[in-house]
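# Sequence and predicted model, in that order:
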Amino acid sequence: RSSDGSHGRIARIGWYNADSQSLKMHRMNRSKPILLIAALLVFVAQQGCSSAPSASPNGLPVTSMQIGSKTYQLEIAADDASREHGLMERDSMPVDHGMIFVFEKPDEQSFWMRHTRFPLDILFVDEREKVVSIHTMKAYDESSTLSNGVSKYAIELSAGEASIAGVKAGDKLQIPDAVH
């Protein structure tokens, strides 16, 4: 027996009448959550594409920086742990990404490529934001690469990117405020 007291086939589906208009409303109401979720996903994707500082997969802050003719997304390594680990143990890095190392005081810097699986360009930059030197480092090479002068920052990019961007020793860069 159905809820309306009749012995008919099915008088109700849930709390909706079985007539075609009610079924259409039921289907429309079910699609609203899907549309809401789709709109939310579009919003989140747009936020992820904005130029505001974000964080890398390993939690480091990320900032945009113009280097020569190109703009790069740089992870900011500003503490001992992040500077020590750097780009080690990663399989790759997008060509428009890199890492900027920020040192507490300007000094002669030295880098190596222990556990770094791909070659990198390194730009040493002084506290006046002038490029001191540029070197290309080979994957897994444990020999020291020296800054050849006092530097406050080191920027690692995929090998060949310094040349592609047209940056050279003596060029003035603009270190983003997020890095200082």
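Structure received. Predicted model only: the values in this text are computed from it and were never measured. Numbering: from 1, shown residues only.
# if I pick residue 89, what's in contact with it?
Neighbour list for residue 89: 115, 117 [criterion: CB atoms under 8 Å, 6 or more residues apart in numbering]. Placement of C-beta: from N, CA and C, glycine included.
# How about the secondary structure of it?
Three-state call for residue 89 (DSSP: H, G, I helix; E, B strand; the rest coil): coil.
# Look at it and report its pLDDT.
What the model reports for residue 89 is a pLDDT of 92.
# Quick check: phi and psi at residue 69.
Backbone torsions for residue 69, taken as degrees, to the nearest 10, come to phi -90, psi 0.
# so who does residue 105 touch?
residue 152.
# Numbering from 43 from now on, please.
Taking 43 as the first residue, the last one we looked at is residue 147.
# give me the element it is part of.
If you go by DSSP states H and E, residue 147 is part of strand 139-153.
# Skipping its backbone neighbours, what lies nearest the residue nearest the centre of the chain in space?
Against the mean C-alpha coordinate of the chain, by CA atoms, centre = their mean, the closest residue is residue 98 at 4.5 Å. With sequence-adjacent residues excluded and distances taken as CB to CB, 6 or more residues apart in numbering, residue 98 is closest to residue 117, at 4.5 Å.
# number of nearby residues for that neighbour?
For residue 117, the count of nearby residues is 24 (other CB atoms under 10 Å).
# Ok, residue 130 next?
If we define neighbours as other CB under 10 Å, then residue 130 has 11 of them.
# Just to check, it is in contact with residue 158?
Yes. Residue 130 is within contact range of residue 158, at 5.4 Å (criterion: CB atoms under 8 Å).
# give the contact list for the residue lying closest to residue 199 once chain neighbours are set aside.
Spatially, and ignoring its direct neighbours in sequence, residue 199 is nearest to residue 140 (4.2 Å; CB to CB, 6+ apart). Listed by CB under 8 Å, 6+ apart, the contact set of residue 140 reads 114, 115, 116, 117, 197, 198, 199, 200, 203.
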